[in-house]
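Student: What follows is a predicted structure for the sequence shown.
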Amino acid sequence: MSVDLQVQGFSSAAVAAHIRKKDRLDLALIYSEVPANAAGVFTTSKVKAAPVRLGMERLQNGRAQAIMINSGIANACTGAEGMQLARATGKMVADALAIDEELVQVSSTGVIGEQLSADPFAQAMPGLIGKLSAKGLAEVAEAIMTTDLVPKTAVRKVSIAGQAVKLVGIAKGSGMIMPNMATMLGFVLTDAAVAQATLAGMLKIASDQSFNRITVDGDTSTNDTVLLLANGLAGNPVVDDVAVAEKDVLQEALNDLMKDLALQIVRDGEGATKLVTVRVIGAPSDEAAEAAARTIANSPLVKTAFFGEDANWGRIIGALGRSGVEFDADRVDIAFDQVVMVKNGLGQGAEMETLATQVLKKKEFAVNIDLKVGSGAGEIYTCDFSINYVKINADYRS
């Protein structure tokens, strides 16, 4: 059963522009029939791709009307030529749609360090514009994929002051995933009317609870971008920081949608076979709990044990020990789902290990850690490291 990705006032399209590979969708466009309030979060890497730098510059005005995305080549580490290319291709979109080029956002994903050519964009632009459709977002979700095995989409519907409002999101990401705002791209469209400053604040909150809590391999990309566009065509009273009840409803829907997309990314992690929630409670603070959970979630030894279905809790407590978080190892509890493997720092024997091993055979499970120091709590979503992760990344460019 297909999901309805249509949002009023938005149209989308994707075509095969042969940017890096033949015969696959690799150039996409999202267009709002009216300028939309816009917000974005971007990679925190010191190495930012040209589209990221351009996007951050243009979003200072808080408005956008079109997003063009290409896959195959990331346009990262490409110097002045790469920035010129980003501006030139954005202008192609603006000219074709007869809109202000400052309202065009450009995103890229793929191989770092290779220059993009403007020719594929110019040749594909008439077909891309001509293909724009209210039903085109599913193909956009496919076109932005690189090593992803499946497209990632999510939909939420809510009522704001009695008016129906829709949110639709798409994302790509499979490897080089640990956002700090992951090669991750996310685009969320809504017909809700939302004040721009409120929209920006809502996106930060939702990002912190979703994309900023996932890790596949601990690497942060040069191109990470999440954009949120609200075109206001639902006709609801404008949601702002004063309209607390309406804002809370929309925030909850946005949080839920973005967490859905984030978990889809982890499930589709390069070579991944398991989705694992690492949950820490009893930490000195929420920040400490997240730091502890993130250290465990990023540990190659822990992640390979997940793949091998080995209930090796020594690797978990070992990772905890280097997390920088204060705790007493003689008080720590560790459980796989509800199976308590460690109580007050001591293993609970062969029987519990056998039960824990059965948990590790599941496609999704949780590692629950209680530090018994304070009231801080946090969780990070990760996956296992499989043999296929190495194979995928060993010859990524070929």
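Tutor: On my side now, so go ahead.

Student: Quick check on A329: phi, psi?
Tutor: phi -60, psi -20 (degrees, to the nearest 10).

Student: separation between it and D268?
Tutor: Look at A329 and D268: by CB to CB, to the nearest Å, they are 35 Å apart. C-beta coordinates here come from the backbone N, C-alpha and C atoms, glycine included.

Student: So for these two, which residue has more residues nearby?
Tutor: D268 (24 against 12; other CB atoms under 10 Å).

Student: what residue ranges in the stretch 151-300 of the chain score low on pLDDT?
Tutor: 174-183, 216-220 (pLDDT under 70).

Student: do that again at 50, thanks
Tutor: 181-182 (pLDDT under 50).

Student: Start and end of stretch 322-331, how far apart?
Tutor: Start-to-end span of stretch 322-331 (CA to CA, to the nearest Å) is 17 Å.

Student: And R315, what's its pLDDT?
Tutor: As predicted, R315 sits at a pLDDT of 94.

Student: Can you pull the phi/psi pair for it?
Tutor: phi -70, psi -30.

Student: Give me the number of neighbouring residues for it.
Tutor: 19.

Student: residues of the one helix or strand I316 maps to that come out buried?
Tutor: Element membership for I316 (DSSP states H and E) is helix 313-321. Residues 313, 315-317, 319-320 are the ones in helix 313-321 that count as buried (16 or more other CB atoms under 10 Å).

Student: so where do the helices sit in this protein?
Tutor: 50-58, 79-97, 118-130, 137-143, 196-209, 244-267, 286-298, 300-308, 313-321, 350-360, 387-394 (DSSP state H).

Student: Just send these back as CSV, with distance to I369 too.
Tutor: Shown next, in CSV, are the helices of the chain (distance: least, CB to CB, whole Å):
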stretch, distance to I369
helix 50-58, 35
helix 79-97, 43
helix 118-130, 49
helix 137-143, 35
helix 196-209, 20
helix 244-267, 19
helix 286-298, 7
helix 300-308, 12
helix 313-321, 7
helix 350-360, 14
helix 387-394, 24
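
Student: which stretch among those comes nearest V41?
Tutor: Closest to V41 of those, according to CB to CB: helix 196-209, at 4.9 Å.

Student: how many neighbours does the spatially closest residue to T198 that is not a sequence neighbour have?
Tutor: Distances taken as CB to CB, 6 or more residues apart in numbering place D240 nearest to T198, at 4.9 Å, with adjacent residues excluded. Neighbour count of D240, defined by other CB under 10 Å: 16.

Student: try the one 3 residues further on
Tutor: Neighbours of A243 under the rule other CB under 10 Å: 19.

Student: Spit out the contact partners of it.
Tutor: P237 (CB atoms under 8 Å, 6 or more residues apart in numbering).

Student: ok, now P120?
Tutor: 17-19, 27.

Student: If you rank these by neighbours, which is first?
Tutor: L27 (26 neighbours).

Student: Now do it against G130, distance only.
Tutor: 13 Å.

Student: So what are the structural domains in this protein, by residue number?
Tutor: For the chain, automatic domain parsing gives the domain ranges 10-267, 275-394.

Student: quick one on the thing from earlier: tabulate the buried residues of helix 313-321 in a markdown table, adding columns for distance to P35.
Tutor: Formatted as a markdown table, the buried residues of helix 313-321 follow (distance: CB to CB, whole Å):
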| residue | distance to P35 |
| --- | --- |
| W313 | 54 |
| R315 | 51 |
| I316 | 50 |
| I317 | 53 |
| A319 | 47 |
| L320 | 49 |
